[in-house]
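S.K.: Return a 3D structure for these sequence lines:
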Amino acid sequence: RKEYVDLYVNYMFNKSVQKPFEDFMQGFLRGCPARNWKMFFPEELQVLLQGQTTFDWHLLEKNVMYGQYKKLDQTIRNFWTVFHKLPEEKKKMFLAFLSGSDRLTGYELECFRFCIADPQVENPDEFSLFASTCSLTLFLPR
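M.R.: Modelled structure (predicted):
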C-alpha cells in the first residue's frame, strides 16, 4: 500500500507535469537566462520579482517630495496624521492607489519617492484627490 501511494504521489507531482514544466523552463530561460538569477539568494529573488510586502511607513513619509506644498502645511500634517492611523491593509491600498501596486518591486523603500502636489483647483471642497501612477504623484486638494 505504501509503495502504491509513493508511486502515485511521484506520478502526480513529478512525472505528470515533467514535460509541461520542461517546456516552461526552456521558454523562461530563453528570456531570463539562469546565469542572471544565480547571483541572488532565493529571498532576494522573491523580493525582486514579487516586491516588498512590509514597509517602514515613516520612511515613506520622510522621502516624499512636495509640489506647491511645504512639509509643515496643515493639509500635509493632516494627511500624515490620518495616514499613520490607518490599518496596515489600508496603507497598502493607498500604495496601490498611488503606484498601481501594493508592493514595491525592484527597489527598496529607501529609494521609493513620490510627490504630493496641490492640484490648484478653484474650489478644493468639490474636488477629489487623484493620483498619477506614471509620475507617482498624489494630487491632494487643500
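S.K.: quick one: the residue most central in space within the chain from residue 53, how far?
M.R.: Among the residues of the chain, the one closest to the centroid is residue 103, at 1.4 Å (CA atoms, centre = their mean). To residue 53, residue 103 is 6 Å away according to CB to CB, to the nearest Å. All C-beta spots, glycine's among them, are computed from the backbone N, C-alpha and C.
S.K.: tell me the SS of residue 128?
M.R.: coil (DSSP: H, G, I helix; E, B strand; the rest coil).
S.K.: for it, what are its contacts?
M.R.: residue 141 (CB atoms under 8 Å, 6 or more residues apart in numbering).
S.K.: mind checking pLDDT for it?
M.R.: The pLDDT attached to residue 128 in the predicted structure is 88.
S.K.: so where is this protein shaky, pLDDT-wise?
M.R.: 105-109 (pLDDT under 70).
S.K.: In it, where's the longest helix?
M.R.: When the chain is parsed with DSSP state H, its longest helix is helix 18-31.
S.K.: May I see the buried residues of that helix?
M.R.: For helix 18-31, burial by neighbour count (16 or more other CB atoms under 10 Å) applies to no residue.
S.K.: Also stretch 68-83?
M.R.: Quick answer for stretch 68-83 (16+ other CB under 10 Å): 69, 76, 79-80.
S.K.: so how far is that stretch off the chain centroid?
M.R.: 23 Å (CA atoms, centre = their mean, to the nearest Å).
S.K.: Could you find the closest non-adjacent residue to residue 116?
M.R.: Leaving aside its chain neighbours, residue 116 sits nearest to residue 138 (4.9 Å; criterion: CB to CB, 6 or more residues apart in numbering).
S.K.: And residue 37, by the same measure?
M.R.: residue 45 (6.3 Å).
S.K.: ditto for residue 76
M.R.: residue 69 (5.4 Å).
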